[in-house]
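# below is the sequence, then the predicted model.
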Amino acid sequence: MEIILYLSVAVIAVAFFILVMSLMKTLKSLSSTLDSVSTTMTGLEGQLQGVTKESTELLHKTNLLAEDIQKKSEDLNTVVYAVRDVGHSIQNLNNSVKKVSTSISTELERNQGKISQVVQWGNAFIELKDKWKQKQEKQPSQSDAAVHNQASKEVRSQEKLIKRARSYNN
């Protein structure tokens, strides 16, 4: 029985030895796996720092772009306001032109009789001028004083016509 006891202790020792060896192999495998995970994590950490740095730069550029867009939008608003003011000015100018043309049209209609009289006076003046020229051409031998007297008479007759026309207007 003692042999069985020795044999049992030997089997337990061998089993314990196999267990320790197997556990050592597993721990070595686990150690290499943990080393690989540690290396991967170090690489991930470096990549994550790069991504973080790029994200920060991108955020900074985005903020600058947003500020630039805001400034340009404000500048564009100034242009839009200026164009709107020009539109209002043109509209006011159109209204003024309409008022002036309406006023002129009304005055023309109201003074149509006077205008026709002015045209008639102009025609009478032209006829008198033509007659005077014809007389001058017919009488080239008259002296300068006679021509001057004749011109004075014509001027007086024209003045009388103008006074008469003015009296019609009043």
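Yes, it's here.
# next helix or strand past the helix ranked longest in the chain?
Counting by DSSP state H, the longest helix found in the chain is helix 2-110. Per DSSP states H and E, the first helix or strand lying C-terminal to helix 2-110 is helix 112-138.
# that next one vs helix 2-110, what angle?
60 degrees (axes from the mean of the first three to the mean of the last three Cα atoms, to 10 degrees).
# can you pull the buried residues of helix 112-138?
Of the residues in helix 112-138, 121, 132 count as buried by neighbour count, 16 or more other Cβ atoms under 10 Å. In short, each C-beta sits where N, CA and C put it, glycine included.
# so what does that helix touch, helix or strand wise?
Applying 3 or more Cβ pairs under 8 Å, 6 or more residues apart in numbering; DSSP states H and E, one finds that helix 112-138 makes contact with helix 144-169.
# what is the mean pLDDT for the helix it packs on?
Mean per-residue pLDDT for helix 144-169: 70.
# name the helix or strand of the chain that has the lowest mean pLDDT.
When the helices and strands of the chain are scored by mean pLDDT, DSSP states H and E, helix 144-169 comes last with a mean of 70.
# centroid-nearest residue for this structure?
residue 79 (4.8 Å; Cα atoms, centre = their mean).
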